[in-house]
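Colleague: pasting the structure only:
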């Protein structure tokens, strides 16, 4: 999982974003419409998409926000790719591979003739370099958490320029799916930075675009902060269309930075952008359906989302050791009381206008392969919530409506959330009102995406409300979320040793789950993990939205996914059926 503001939950993206590494799909999303397949595609042209915030980095190893993840996915390429529409593992920079019977060694064969965008050949040396860079302590990449099997880093050797042998200390339930999270980087451009210990700060947003080299479908052309990112076709891109012609179809992709959701929707309906980075908001559903009837938009139903808004407290002891509130916040009874204060059916109606289903953990019914309904649930019960707080010594002793300890420490917290997201506004409003009924005071402070991610990554906050994004529906692809040592274990990031016994138990179970090849056993382990999580509630989840996506009719070859970005994940195959846009 990754935290991206998509920690992209190797990891969680923050929907701002939090992000993760592999997946198994619950269902095949809606296939491309027949009219899309038959549309008169114009080779070339420009696609314009709206993104919510400026990218923080063009370095895929350290990018921790959704916008950075989108940009780097257009520039870089992986050895293998998980098709976001089918869940199947596809050859990408690697054309084929073989595995030993015990699942502990994979021989991966690179495609011959692939070059970097600057013309240098892409070889096995680049793969070894990327693995080394992702694990280097000076880089501090969240991707490192996903490159472990049996508690040991995945070993790699290169018998020749087009072959890589990967050795695992134990079998992996994910197999090569783990590599979906690891874009291959150019050794000839970045090795000097790694040697100097400066790779983490290389390829920042101030970097000259021509210095950024990739093997993806597009090249960075320009970046105007607060305005747009422009990418142009990579003439050396290795992938071909089904008819043998060169990909990508598009000449340019322009990512317009549109922080406000209302402004983004207005521009989509007006036709000045072809698509947005995320799904349609519930309050816009009627409007986009009307625009569809008028021929101005196409609307796709994606199904129940696999990610949901979440609420959590900072539980990092070294940060909160001088905070007297930490004594009761770290108790699961306190978090259970808050969970009892929320009516999830009401939450679905109020926050998502009834286009959502109640949930009690991070795995939603949309992830049919891994969801279990058999977890502890917390029905709305104010009396039960108050009793739990009283058991912790929290009572409203002075009659001001806020419970406090005998020493006068109030249950009052600042909740940071991302500015400009309407579902966050409704969600935090409802959460604040319902928490007040049990004497817990929540002050909501909206922040810009970048500031929120910075606060999250430094554990400088009381509580957060946002939507972490799982980039892999298979839990073994989200090890950095589930393991206490993970960079996306966001309520208590990167623990040296498990802070609690329940986290230690999850560490053990997830390690077993990830190294087990038997699907039934993997599900047994993970069902138990979901139960432990729901018992201890390090994060509170309330409802999973039903998702709809809208795009301009001129965009063809659309293959939608419930994961973000719903359409740009397949950008090299997108095209337009009308005249090219120009800014």
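Modeller: Arrived safely, thanks for sending. All of these numbers come straight from a predicted model, not from anything done at the bench.

Colleague: surely residue 450 meets residue 66?
Modeller: No - counting by C-beta atoms under 8 Å, residue 450 stays clear of residue 66, with 11.3 Å between them. The way it works is simple: take the backbone N, C-alpha and C, and place the C-beta from them, glycine included.

Colleague: give me the contacts around stretch 112-124.
Modeller: 93, 110, 158, 160-164, 184, 186, 188-189, 213-215, 219, 234, 236, 238 (C-beta atoms under 8 Å, 6 or more residues apart in numbering).

Colleague: and residue 449, what pLDDT?
Modeller: Residue 449 is assigned a pLDDT of 85 by the prediction.

Colleague: that one is in contact with residue 52, isn't it?
Modeller: Yes - if you go by C-beta under 8 Å, residue 449 and residue 52 touch, sitting 6.5 Å apart.

Colleague: who's sitting farthest from the centroid in this protein?
Modeller: Distance from the centre of the chain peaks at residue 398, with 43.6 Å (C-alpha atoms, centre = their mean).

Colleague: residues in contact with the spatially closest residue to that residue that is not a sequence neighbour?
Modeller: Leaving out its chain neighbours, the residue that sits closest to residue 398 by C-beta to C-beta, 6 or more residues apart in numbering is residue 404, at 7.3 Å. Shown in contact with residue 404 (C-beta under 8 Å, 6+ apart): 394-398, 410-411.

Colleague: switch the cut-off to 7 Å
Modeller: 394, 397, 410-411 (C-beta atoms under 7 Å, 6 or more residues apart in numbering).

Colleague: and if you look at residue 256?
Modeller: Taking C-beta under 7 Å, 6+ apart as the test, what residue 256 contacts is 48, 50, 228, 273.

Colleague: my guess is it is in a strand, correct?
Modeller: Yes - judged by DSSP: H, G, I helix; E, B strand; the rest coil, residue 256 forms part of a strand.

Colleague: and the gap between it and residue 270?
Modeller: To residue 270, residue 256 is 12 Å away according to C-beta to C-beta, to the nearest Å.

Colleague: same question for residue 505.
Modeller: Taken as C-beta to C-beta, the span from residue 505 to residue 270 is 53 Å.

Colleague: helices and strands of this structure: which one has the lowest mean pLDDT?
Modeller: Sorting the helices and strands of the chain by mean pLDDT, DSSP states H and E puts strand 18-19 at the bottom, at a mean of 37.

Colleague: can you list the buried residues in stretch 439-459?
Modeller: 439-442, 444, 446-450, 452-453, 455-457, 459 (16 or more other C-beta atoms under 10 Å).

Colleague: for stretch 531-545, that is, sorry about that
Modeller: 533-534, 536-545.

Colleague: got it, and stretch 176-193?
Modeller: 176-187, 189-191, 193.

Colleague: stretch 254-261 now?
Modeller: Result for stretch 254-261 [16+ other C-beta under 10 Å]: buried residues 254-259, 261.

Colleague: so what does the helix of greatest length in the chain touch, helix or strand wise?
Modeller: Using DSSP state H to define each element, the chain has its longest helix at helix 519-536. Counting contacts by 3 or more C-beta pairs under 7 Å, 6 or more residues apart in numbering; DSSP states H and E, helix 519-536 packs against helix 501-514.

Colleague: picking up where we left off before, from the contacts of residue 256, pick the one nearest residue 425.
Modeller: residue 50 (19.2 Å; C-beta to C-beta).

Colleague: per-residue confidence for that closest one?
Modeller: Confidence score, pLDDT, at residue 50: 97.

Colleague: nearest spatial neighbour of residue 364, skipping sequence neighbours?
Modeller: That would be residue 544: by C-beta to C-beta, 6+ apart, it lies 3.7 Å from residue 364.

Colleague: C-terminal to the helix or strand hosting that neighbour, what's the next element?
Modeller: Following DSSP states H and E, one finds residue 544 within strand 543-551. Using DSSP H and E, the helix or strand that follows strand 543-551 in sequence is strand 555-556.

Colleague: give the pairing partners of that next one; include direction for each.
Modeller: Neighbouring strands of strand 555-556 in its sheet, by DSSP bridges, are strand 575-576 (antiparallel).

Colleague: circling back to that earlier point, nearest to residue 134 among the contacts of residue 404?
Modeller: residue 411 (41.1 Å).

Colleague: could you report the neighbour count for that closest one?
Modeller: Residues lying near residue 411 (other C-beta atoms under 10 Å) number 24.

Colleague: which ones are touching it?
Modeller: Counting by C-beta under 7 Å, 6+ apart, the residues that residue 411 touches are 325, 394, 402-404, 439-441.

Colleague: any idea which of the residues you listed is closest to residue 141?
Modeller: Distances from residue 141 to these, taken by C-beta to C-beta, are shortest for residue 325, at 32.7 Å.

Colleague: I'd assumed residue 409 was in contact with the closest one.
Modeller: Yes - in this structure, residue 325 is within contact of residue 409 by C-beta atoms under 7 Å, at 6.0 Å.

Colleague: right, and the helix or strand after the helix or strand hosting residue 192?
Modeller: Per DSSP H and E: residue 192 is located in helix 187-196. The helix or strand immediately downstream of helix 187-196 is strand 218-224, counting by DSSP H and E.

Colleague: could you spell out the sheet neighbours of that following strand, each with its direction?
Modeller: So strand 218-224, judged by DSSP bridges, has these partners: strand 228-233 (antiparallel).
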